[in-house]
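Undergrad: need coordinates for the following:
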Amino acid sequence: MSWLTVNKNEYNKKLFLLKKNYLLHNSKNRIRLKILSNSMKPVFKRGDIVYIKSIEINNIKIGDIIAYFHNGYIVVHRVIEIFEYQGENVRFRTKGDNNNASDAYYVSKDDIVGIRCFL
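TA: Model prediction:
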């Protein structure tokens, strides 16, 4: 199964750029990630493990916690705004719960890895 709109080769290429200990596991359409900062406290903190599963882009809604590629890392932040074009989600504004301001960039649908899930 492909990961959303990211083709397998591009996904693997981006994963290759990640730090070795960041991606811990990949199986059954879920990945297990180690959190590297406290930007999402109190939901989770540095060192916690989160599980991410694939999701259709149009099913992402405000308030969801998503994982996405940014500058060679996978970032895990909350969606605070969705920009649509012709009925399709095309960009997302995100923010760490513990951060004072939203992220200074928009997340493209092509950079989405998935959504936080529970076991």
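Undergrad: residue contacts, residue 58?
TA: By CB atoms under 8 Å, 6 or more residues apart in numbering, the residues touching residue 58 are 88-89. In short, each C-beta sits where N, CA and C put it, glycine included.
Undergrad: again, 10 Å this time
TA: In this structure, residue 58 makes contact with 82, 84, 87-89, 109, judged by CB atoms under 10 Å, 6 or more residues apart in numbering.
Undergrad: one more: residue 93?
TA: 62, 77-83, 102-107.
Undergrad: 8 Å instead, please
TA: 79-83, 102-103, 106-107.
Undergrad: secondary structure element holding it?
TA: Using DSSP states H and E, residue 93 sits within strand 88-95.
Undergrad: any idea how far residue 58 is from the residue of the chain most remote from its centre?
TA: Largest separation from the mean C-alpha position in the chain: residue 86, at 23.4 Å (CA atoms, centre = their mean). Here residue 86 is placed at a distance of 12 Å from residue 58 (CB to CB, to the nearest Å).
Undergrad: alpha carbons of stretch 80-99, as PDB, please.
TA: Provided in PDB are the C-alpha atoms of stretch 80-99 (Å, rounded to 0.1, in the frame of the first residue of the first chain):
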ATOM      1  CA  ILE A  80      -4.900  24.000  13.000                       C
ATOM      2  CA  GLU A  81      -6.000  25.100   9.500                       C
ATOM      3  CA  ILE A  82      -6.700  23.400   6.200                       C
ATOM      4  CA  PHE A  83      -6.500  25.100   2.800                       C
ATOM      5  CA  GLU A  84      -8.700  23.600   0.100                       C
ATOM      6  CA  TYR A  85      -8.800  24.000  -3.600                       C
ATOM      7  CA  GLN A  86     -11.800  22.700  -5.600                       C
ATOM      8  CA  GLY A  87     -12.900  20.500  -2.700                       C
ATOM      9  CA  GLU A  88      -9.500  18.900  -2.000                       C
ATOM     10  CA  ASN A  89      -7.200  19.500   0.900                       C
ATOM     11  CA  VAL A  90      -4.000  20.900  -0.500                       C
ATOM     12  CA  ARG A  91      -2.100  22.500   2.300                       C
ATOM     13  CA  PHE A  92      -2.100  22.300   6.100                       C
ATOM     14  CA  ARG A  93      -1.100  24.800   8.800                       C
ATOM     15  CA  THR A  94       0.300  23.000  11.900                       C
ATOM     16  CA  LYS A  95       1.400  23.800  15.400                       C
ATOM     17  CA  GLY A  96       3.000  22.000  18.300                       C
ATOM     18  CA  ASP A  97       0.700  22.200  21.300                       C
ATOM     19  CA  ASN A  98       3.500  23.500  23.500                       C
ATOM     20  CA  ASN A  99       4.700  26.100  20.900                       C
END
